[in-house]
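Undergrad: Structure for this input, please:
(one chain, ligands or ions: 3)
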Amino acid sequence: MTECRICGGGVEEFLDLGRQPLSDAFLLPADVDTEFFYRLAVGRCEACTMVQLTEEVPRERMFHHDYPYYSSGSSVMREHFTKTALNFIDTELTGENPFFVEIGCNDGVLLRTIAESGIRHLGFEPSVGVAKVAQSRGVRVRTDFFEESTAREVRESDGPVDVIFSANTICHIPYLDSLLRGVDALLGPNGIFVWEDPYLGDIVEKTSFDQIYDEHFYLFSVRSVQAMAARFGFELVNVERFPVHGGEVRYTIARTGARQPSPAVAELLAEEDARDVVELETLKGFATSVARIRDELVALLRSLKAQGKTVAAYGATAKSATVTNYAGIGPDLISYVSDATPAKQHRLTPGVHIPVNPPEVFTASYPDYALLFAWNHAEEIMAKEQGFRDAGGQWILYVPEVRVV
Ligand code: SAH
Ligand code: TYD
Ligand code: ZN
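TA: Ligands and ions are numbered 1, 2, ... in the order given. Okay, the predicted model is just below:
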C-alpha cells in the first residue's frame, strides 16, 4: 500500500492501467526513443476515501513551455467560463476593490472576462506558452506554480483575496497540503476557494476511465473533499454539478464557520452514499467494467480492420493516451487523429505514436469510421462535422459503452 497524499492513511489499489507515457507529450519523430513512461494505477485511501494515483510524475515534466492544451479550443468551454466569470462579478466581487485569483488560468479563457471588467486579478500559470496567450488577452499572469510559498508572496504584495478559483487544475496537484496552506494564507476572512474537476460519481457511473492519467492525480468526491477541507481549517459550503468534460462538481470551501453550508452539500453526499460511490467494492466493479470496455473496443476496431474499413480518431485528448496505451491501439487500427490544436499537429500521440493531423485532412477525405476521443465535446464536434455523417461516416463512442452512432 502507498500512503495517502492528504492524510497519510493506507491507499489500496483497485485499478492498474499499466505502463503509460505523459498524456500531453505529443512527440516529434526524433524524440520517440527518449519517451518517458511511468506506471498508472489508482487506489482509494481507507481513512479519508480520497481516490488518487499511486505514482506521482514530477510536475515540471507535465507543465512547461510547450504544454499543448489550450482551454479556448472549445466554444462550449469558452461559454461555460464566460458565464462563470460574469457570475462571480455579480455575486462575490461587488465590494470595494475586489481581488480575484485563478490557479491554472491557461490561455485566459476565464480571466479575460474578469480583466475586461477592470477587476483586480492574478492568474497562476506555470506553462509559459499558454500563459503568453492569456497575457496577450490583457490578463495579469504569474508564470509559477501556485503553492504555499508563491501564495504567501502574493498576500504580501497584493493583500487578501476575495475569490480563488480553479478549473481542471486542483486534481492535477498532488501537493494539496502546500496548496491549501497557500489558500489559507492568501484568502480574506470571508473569502472562498472555488474549484471544479471531473467527479468520481460521474466517472464510476459512465466508466470514463480515460479521466485517469498522469495529470489527474485525484478523482474527487464530496465525501473526500469534505474530509480534506476540514483537515486544513475549511468547510465545504456548496457543491454544484456541471455536464462539462463528462460531468464535474464545483466545490466551494470557506473558513470554518464563516459561511452557512448550502443544503446541496448534504444532498449530494446522501446521493453518493446511496450509490456507494467511494466504497472499495464499487471501485473494484468499476475496474472490471474498464477491462470489458477495453476488450469490446479492441474487438470492434479489429473487426472493422478485417472488413477493410478506414478508421480515424477525433480529438487528440490527454484522456486518449490512457485508452490507446492500456488497450494497445496504435496506427495499425487508427490511421490518424484529427485535432485543431496547432501544437499537437504533425506530431505523434504519446506511447502508441498515431500521427496527429489538422481537421482539414479529415474533411478532405472522410474515413468510414471516426473514434471520438473527445467524447466530452460530442455535441460541439458532431455539429461541426455534420458533413462526415452526411457522407455516410459513423462515429464510434466508448463512454459509457462501446457503440457506433
Ligand atoms: N483552467 C483551464 C486549464 C486546465 S489545464 C481549464 O479548465 O481549461 C491545467 C492547467 O493547470 C495547465 O495549464 C497547467 O499548466 C496548470 N497548472 C498545473 N499545476 C499548477 C499549479 N500548481 N499552479 C497553477 N497552475 C498549475
Ligand atoms: P479535452 O477533451 O478538452 O481535454 P483533455 O486533453 O484533457 O482530455 O481535449 C479536447 C481535444 O480535442 C483538444 O486537443 C482540442 C480538440 N478539439 C478539436 O480538435 N476540435 C473541436 O471542435 C474541439 C471541441 C476539440
Ligand atoms: Zn487519506
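Undergrad: which residues does the closest residue to ligand 2 within the stretch 1-150 of the chain contact?
TA: Proximity of the stretch 1-150 of the chain to ligand 2 (CB to the nearest ligand atom) peaks at Ser74, 3.8 Å away. Any C-beta I mention is one placed from the backbone N, CA and C, and that applies to glycine too. Neighbouring residues of Ser74 by CB atoms under 8 Å, 6 or more residues apart in numbering: His377, Glu380.
Undergrad: And the helices in the stretch 201-350 of the chain, which stretches?
TA: For the stretch 201-350 of the chain, the helices defined by DSSP state H, counting those that start in this stretch occupy 222-231, 263-274, 280-306, 319-327.
Undergrad: and those as TSV, adding distance to Arg120 and mean neighbour count?
TA: TSV is the format used below for the helices of the stretch 201-350 of the chain (distance: least, CB to CB, whole Å; neighbours: other CB atoms under 10 Å):
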stretch	distance to Arg120	mean neighbour count
helix 222-231	26	20
helix 263-274	29	14
helix 280-306	43	15
helix 319-327	35	25
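Undergrad: burial measure for Glu156, as a count.
TA: By other CB atoms under 10 Å, the residues close to Glu156 number 10.
Undergrad: can you tell me the helix or strand for it?
TA: Taking DSSP states H and E as the criterion, Glu156 maps to helix 148-158.
Undergrad: Please tell me how far the most centrally placed residue in the chain sits from Leu17.
TA: Nearest to the geometric centre of the chain sits Asn168, at 4.4 Å (CA atoms, centre = their mean). Using CB to CB, to the nearest Å, Asn168 is found at 20 Å from Leu17.
Undergrad: So Leu17 sits against Phe209, correct?
TA: Yes - counting by CB atoms under 8 Å, Leu17 touches Phe209, with 7.4 Å between them.
Undergrad: These two - which one has more neighbours?
TA: Shown here are Leu17 and Phe209; by other CB under 10 Å, Phe209 has more neighbours (25 against 22).
Undergrad: show me the contacts for the closest residue to the more buried one other than its chain neighbours.
TA: In this structure, Phe209 finds its nearest non-sequential neighbour in Val290, 4.4 Å apart by CB to CB, 6 or more residues apart in numbering. By CB under 8 Å, 6+ apart, the contact set of Val290 is Leu15, Thr207, Phe209.
Undergrad: Give me the pLDDT for the nearest residue to the first one once chain neighbours are set aside.
TA: The one in question is Leu15. Nearest non-adjacent residue to Leu15, counting by CB to CB, 6+ apart: Ala287, 4.2 Å away. Looking at Ala287, its pLDDT stands at 98.
Undergrad: Say whether ligand 2 is contacted by stretch 127-141.
TA: No - Stretch 127-141 lies out of reach of ligand 2 by CB under 6 Å from any ligand atom, never closer than 12.5 Å.
Undergrad: quick one: average confidence on that stretch?
TA: On average, stretch 127-141 scores 98.
Undergrad: Quick check, Ala343 in contact with Leu28.
TA: No - using CB under 8 Å, Ala343 is not in contact with Leu28, being 11.7 Å away.
Undergrad: For these two, work out which one has more neighbours and name it.
TA: Ala343 (17 against 9).
Undergrad: Which element, helix or strand, includes the closest residue to the more buried one other than its chain neighbours?
TA: Spatial nearest neighbour of Ala343, excluding adjacent residues (CB to CB, 6+ apart): Pro68 at 3.8 Å. Pro68 belongs to no helix or strand when assigned by DSSP H and E.
Undergrad: Based on its surroundings, how many neighbours for Pro68?
TA: For Pro68, using other CB under 10 Å, the count is 20.
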